[in-house]
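**Student:** this one's sequence-less:
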């Protein structure tokens, strides 16, 4: 299942407002971000009925990145009901991210 790319602040706010959402802050030129993508696709499929997995390109959405103090990519943030629950910086294994989503749902 493809990860939905959020292109506006409004789309980001809507995606993270309700339920559980894993946000991948990335950029197309980032090697580790590209390596993280298949794992995120697997998570999107595995948690399709319980959590959203979305992506934000920090070079296109600097305002969202600044709002959350994103300084390194990939940064992966688990939100529940609009609040940040857990944050990971750098390439993460599937089990770590799946565990964070499970803990939030």
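**Tutor:** Yep, it's here. Here the structure is a predicted model, which is why all the values come from computation and not from measurement. Numbers count the residues shown, from 1 in each chain.

**Student:** any idea how far residue 18 is from the closest residue to residue 43 other than its chain neighbours?
**Tutor:** Leaving aside its sequence neighbours, residue 43 sits nearest to residue 53 (C-beta to C-beta, 6 or more residues apart in numbering; 5.2 Å). (Glycine included, C-beta is placed from N, CA and C.) Separation of residue 53 from residue 18 (C-beta to C-beta, to the nearest Å): 15 Å.

**Student:** roughly how far does residue 48 sit from residue 38?
**Tutor:** From residue 48 to residue 38 the distance is 16 Å (C-beta to C-beta).

**Student:** what's the answer for residue 70, then?
**Tutor:** From residue 70 to residue 38 the distance is 22 Å (C-beta to C-beta).

**Student:** and these two? Which one has more around it.
**Tutor:** residue 70 (21 against 10; other C-beta atoms under 10 Å).

**Student:** pretty sure that one contacts residue 25?
**Tutor:** Yes. If you go by C-beta atoms under 8 Å, residue 70 and residue 25 touch, sitting 4.7 Å apart.

**Student:** mind listing the shared neighbours of those two?
**Tutor:** residue 58 (C-beta atoms under 8 Å, 6 or more residues apart in numbering).

**Student:** I figured residue 27 was touching residue 73, is that so?
**Tutor:** Yes. Residue 27 lies in contact with residue 73 (C-beta under 8 Å); the separation is 5.7 Å.

**Student:** as a check, name the ranges of all helices in this protein.
**Tutor:** Remark: helices assigned in the chain by DSSP state H are 9-17, 31-46, 62-67, 94-104.

**Student:** nearest to residue 85, out of those helices?
**Tutor:** Closest approach to residue 85 among these (C-beta to C-beta): helix 94-104, 5.0 Å.

**Student:** tell me the angle of the closest one relative to helix 31-46?
**Tutor:** 50 degrees (axes from the mean of the first three to the mean of the last three C-alpha atoms, to 10 degrees).

**Student:** mind listing what's buried in helix 94-104?
**Tutor:** For helix 94-104, the neighbour count (16 or more other C-beta atoms under 10 Å) marks 97, 98, 100, 101, 104 as buried.

**Student:** who touches the residue of the chain most remote from its centre in this structure?
**Tutor:** Most distant from the centre of the chain: residue 29, at 17.1 Å, with distances by C-alpha atoms, centre = their mean. Going by C-beta under 8 Å, 6+ apart, residue 29 touches residue 59.

**Student:** before I go, just wanted to say thanks for your time.
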